[in-house]
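A.B. asks: coordinates for the following, if possible.
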Amino acid sequence: MGEASARVTLVVGGTKGIGGAVTRRLARQSAVVAAFRSDVASAGRLEDWGRDEGLPVSTYQVDVSSKKGVDNVVDAVIDRHGRLDVIVFSAVQARLRSPLEVTEEDWQEVIATNTSPFLWLGQRAAEVVTDGGRLIALTSPFSRRYVEGYGVLGPSKAALESLVVYLAVVLAPMGITVNAVSGGLVDTELLRAQVGEPAIASVARRTPLGRIGQPDDLAALVEFLAAESSAFMTGQTVTMDGGYFLR
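C.D. replies: The predicted structure is shown next:
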């Protein structure tokens, strides 16, 4: 077992996009292990950033769509750091389909990536995370509102938010809080690859604050939920959308 660190965070899906922004923010308060599935280049850039900043960032390649994958990364963090305090779940499989076009393969793969790992992480948190620990999910307002193409992605996030409630209750006696951050349209590479500029500009115009979100906007909220100042908050899904859904 490696030497114990003062505080340790695992960010699943933590090398790019919103997860990457979360890793960079939380690395200033704790050692961070950023788990990723396949983008080795992004992981390398993140580790280079950590070295340049003198911050304790490492990466771990794993497929968390199975319980074995979740167990592997949690065990690796414990072996390396001797403890685990905060878990942030930011992994996403973004297959865009109408509900009438969703195949059995689509459904099983998206649920296996977007939802099930959070349950396995909650179970492991009960075993290894100590009093004052945090379990945080990244979700979407489109879990509860219709948007074109979210026929499988939206339901996967709705199930994730339900897990937040159930895990919050059973983990509370252990001193572990469970919450979710629900981001509106956020400017990531994934968004730019799937949504055209006219649609992005339209959302920005409709948003009272006049823009779409940035990854660091959501990372700042995750930082609050990971901190001691959020100790009396659990089972909540907090929306950060610039006011988009106010009208």
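
A.B. asks: all contacts plus neighbour counts: C-alpha atoms, from now on.
C.D. replies: Fine.

A.B. asks: list the contacts of the residue minimising distance to the centre of the chain.
C.D. replies: Nearest to the mean C-alpha position of the chain, by C-alpha atoms, centre = their mean, lies Ser90 at 2.1 Å. Applying C-alpha atoms under 8 Å, 6 or more residues apart in numbering to Ser90 gives the contacts Val11, Val12, Gly13, Gly14, Ile18, Gly19, Ala137, Leu138.

A.B. asks: go through those and flag which are in strands.
C.D. replies: Under the assignment DSSP state E, those contribute Val11, Val12, Ala137, Leu138 to strands.

A.B. asks: which of those are buried?
C.D. replies: Among the ones in strands among the contacts of Ser90, those classed as buried by 16 or more other C-alpha atoms under 10 Å are Val11, Val12, Ala137, Leu138.

A.B. asks: can you map out the helices along the chain?
C.D. replies: For the chain, the helices defined by DSSP state H cover 17-26, 40-53, 67-81, 104-114, 116-128, 153-171, 189-194, 197-206, 215-226.

A.B. asks: got a list of what the residue nearest to Ser58 when sequence neighbours are not counted touches?
C.D. replies: Counting by C-alpha to C-alpha, 6 or more residues apart in numbering, Ser58 lies nearest to Val33, which is 4.9 Å off, once chain neighbours are set aside. Val33 makes contacts with Val8, Thr9, Leu10, Val11, Val57, Ser58, Thr59, Tyr60, Val77, as judged by C-alpha under 8 Å, 6+ apart.

A.B. asks: change it to 7 Å
C.D. replies: The contact partners of Val33, taken as C-alpha atoms under 7 Å, 6 or more residues apart in numbering, are Thr9, Leu10, Val11, Val57, Ser58, Thr59, Tyr60.

A.B. asks: just Thr103 next, same as before
C.D. replies: In this structure, Thr103 makes contact with no residue, judged by C-alpha under 7 Å, 6+ apart.
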